[in-house]
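Chemist: sequence-free structure coming up:
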């Protein structure tokens, strides 16, 4: 389905219209990385002269492709991205680095560009070696197949335990002309089973200076992918990359750049929310709004304490308006000098906590009615200042445990 | 059962010999706080001239009894402790404070002491008011019933969702004579459903200066209750208190004080481990040893990242030697400059990770054999220095979700 703001999220095998982006071509194939044959390898080609920006995992045990992509981005603008699912190439030591480099060299020789212009990305099981020869064998045909309308195929090929294709697109006008922005994401948990997890690829035809692009991406990620929590884990492979091909409008005007940044933030937020909605075992989508904080950081700390609390998350699963668990999570968030007697908590419009205690007006049935909804808003007022933050999370169900206990067996 | 070091842990209704502590008397009764009649109220009397030390929750939304006990301890040595289960008196605002004070006044008038010499403790559901009149009504009979051998009754009366009585005792000699130390604890999760959770009461007949007692307790707690993790939540009511009645040996000698501190640390560790073993839904007991860290703090950070990772914990539940999840948790622990190529990981004696990648010698069946054990050791070497830390945790099972999703319904 496509909502009024142009967001595309869909499940099932139906084809979704994902606008092509001038200057970017894609293709997907099966390299046999998964035992059961399915698309598991993507190639993206970006026009010469493009700019790119990326945000990578802060996990100290970052995967081989992350280390190489980071290094390559420092020396050249990318011409190719090679992405595989089914194997994270993480926990693979020096052999993993050599494997990722061999794949980059394979693409570079087909594309006639320096190896530094190829960025590798991997997602899947940690600790197994990539079937490098099998991947190299399918590269020539994959390179031949590159085409502008390959976004959907690639969106499916990067899925691992995802149950839905995650995509978003925006079209907007600028003083320099119309701009298209299309993105795909994979992730169904901040981290998967032993899957190393979140990958996001966004393309635009706009010409955007690299520093502007990097700043816009950093802000967009801070307000989207850094605001979601499925299970509190973060992965060795997380990467978000935006490619501006420059084939379309040149955004030199500051107002146009702001419009671009807004569209990028909207697309990232839509993709981030799609990840939470597809969270492992999730049955509820929860929007946390933390208000009246002294700083954004303390609002985020409170939001993360709530979003990562197994007790809060199981209460959502049980549709139990268990405000004591939310209050206890607020209290353990590490906000110095927090005065509980100024804390208010709402479930949607129902006030459950007033001044740190059960709201006088609160009737349990009103709270329970909100908790039974598939989409729930939780608003916490800290009574300390003017800062606020919004985060998204999901509940914790027995299905989460089953999925993660069964994954490898 | 009683092991060779004098630790007592037991389940079921059988009576356990818990040595009396000269200068401390206890009694338990039912005040009807639980709907189903069961012991839910304890009184402890300590001889005049005793010293006491305590460690309380750092949760900013600390319960009313925590606020009052903290304040009373600042002005006087306690003569009485009043402890109830079934109701945490947390999230109860100013009325909660008034309720706790009324109970202290009731005890003070029976005992003929200032109200500041009475400390209140509560554990149970958050956000409901205490049945103050019902508690006051049973106080006279409870006060009459105080006796030296009431430890076991009290250990049972403070249980909430605990399935085992948690107690530990130590007897040791000093230059000033023999010393007895007996303690009881409740807690089956760092925090319960909406239960506010960990309470520990330890008594000794030794005469110990208050500053020595406080320092010994702080160190004991740092190495025991601060090293366990069931679900990563912390509660509004956590409290650990040690009472030195002074009826026995006077520990003025530094060597004797060190012996006391060691015995206290051993008792706290035994009680902390009993809490983890009784963790909600737990099927495995896991000892994490983090070695070769640059500092103890970074060892603890790595240990906590592992112990709180739902992915690691579900892997333990599934008996899956999923070292990728452990490595990813090590990587996200926030240790600056961590070099994954120096990280080794062992399951008991089986090396699973060597230099950040799968150990060459590793055979999955060897890892799986360790993972099937009810007690599992995980050793992580960071390759950075000489510091180390030991923590204890349990697995995450579907029973945890069921217990916490069903608790209030």
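Modeler: Everything's here; your move. Everything quoted here is computed from the prediction, not taken from an experiment.
Chemist: in stretch A:112-125, what's buried?
Modeler: The neighbour-count check on stretch A:112-125 (16 or more other C-beta atoms under 10 Å in any protein chain shown) flags A:113, A:115, A:116, A:117, A:118, A:119, A:120, A:121, A:122, A:123, A:124, A:125 as buried. Yep, even glycine has a C-beta here, placed from its N, CA and C like the rest.
Chemist: who are the neighbours in contact with the closest residue to residue A:113 other than its chain neighbours?
Modeler: Distance criterion C-beta to C-beta, 6 or more residues apart in numbering or on different chains; nearest residue to residue A:113, sequence neighbours excluded, is residue A:79 at 4.7 Å. Going by C-beta atoms under 8 Å, 6 or more residues apart in numbering or on different chains, residue A:79 touches A:45, A:46, A:48, A:50, A:111, A:113, A:117, A:118.
Chemist: Which of the buried residues of stretch A:112-125 fall within helices?
Modeler: Judged by DSSP state H, the subset of these located in helices is empty.
Chemist: Name the nearest of those relative to chain B.
Modeler: residue A:125 (6.9 Å; C-beta to the nearest C-beta).
Chemist: Against residue A:33, how distant is the closest one?
Modeler: To residue A:33, residue A:125 is 10 Å away according to C-beta to C-beta, to the nearest Å.
Chemist: For whichever residue of the stretch 101-250 of chain A sits closest to chain B, which non-adjacent residue is spatially closest?
Modeler: Relative to chain B, the nearest point of the stretch 101-250 of chain A is residue A:126 (2.8 Å; C-beta to the nearest C-beta). Distances taken as C-beta to C-beta, 6+ apart put residue B:324 closest to residue A:126, at 2.8 Å, once the chain neighbours are dropped.
Chemist: now what about whichever strand or helix holds the one you found, what contacts it?
Modeler: According to DSSP states H and E, residue B:324 maps onto helix B:323-331. Here helix B:323-331 makes contact (C-beta under 8 Å, 6+ apart) with A:59-62, A:88, A:90-91, A:125-127, A:191, A:193-194, A:196, A:233-236, B:302, B:305-306, B:309, B:311-312, B:315, B:338, B:340, B:343, B:345, B:352-353, B:356, B:358, B:367, B:378, B:380, B:382.
Chemist: And for stretch A:340-353?
Modeler: A:321, A:323, A:326-327, A:330-331, A:354-356, A:358-359, A:361-362, A:366-367, A:369-371, A:373, A:376-384, B:60-62, B:91, B:93-94.
Chemist: same thing with stretch A:128-144?
Modeler: A:27-33, A:41, A:43, A:84, A:87, A:89, A:92, A:95-96, A:99-100, A:102-103, A:106-107, A:110-111, A:122.
Chemist: what about chain A, any weak spots by pLDDT?
Modeler: Within chain A, the stretches with pLDDT under 70 are A:1-16, A:188-196, A:230-234, A:406-409.
Chemist: how about the helices in the stretch 51-200 of chain A?
Modeler: For the stretch 51-200 of chain A, the helices defined by DSSP state H, counting those that start in this stretch cover A:64-75, A:93-111, A:132-144, A:151-157.
Chemist: Output those helices as CSV; include the columns mean neighbour count.
Modeler: Output for those, formatted as CSV (neighbours: other C-beta atoms under 10 Å in any protein chain shown):
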stretch, mean neighbour count
helix A:64-75, 20
helix A:93-111, 19
helix A:132-144, 15
helix A:151-157, 23
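Chemist: For residue B:74, which of the ones you listed is the nearest?
Modeler: Closest to residue B:74 of the helices of the stretch 51-200 of chain A is helix A:64-75 (C-beta to C-beta; 51.8 Å).
Chemist: on that earlier part again, as a markdown table, the contacts of residue A:79 with distance to residue A:69 would be great.
Modeler: What follows is the contacts of residue A:79, written out as a markdown table (distance: C-beta to C-beta, whole Å):
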| residue | distance to residue A:69 |
| --- | --- |
| A:45 | 16 |
| A:46 | 14 |
| A:48 | 19 |
| A:50 | 15 |
| A:111 | 16 |
| A:113 | 15 |
| A:117 | 11 |
| A:118 | 9 |
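Chemist: What is the burial count for the residue lying closest to residue A:223 once chain neighbours are set aside?
Modeler: The shortest distance from residue A:223 to any non-neighbouring residue, by C-beta to C-beta, 6+ apart, is to residue A:265 (5.8 Å). Neighbours of residue A:265 under the rule other C-beta atoms under 10 Å in any protein chain shown: 19.
Chemist: Could you do residue A:303 as well?
Modeler: When neighbours are defined as other C-beta under 10 Å, residue A:303 has 27 of them.
Chemist: Which secondary structure element is home to it?
Modeler: helix A:296-307.
Chemist: Then residue A:212?
Modeler: Secondary structure from DSSP H and E places residue A:212 in helix A:210-222.
Chemist: how close does residue A:42 sit to residue A:140?
Modeler: 15 Å.
Chemist: no, scratch that, I was asking about residue A:223
Modeler: Counting by C-beta to C-beta - residue A:223 and residue A:140 are separated by 41 Å.
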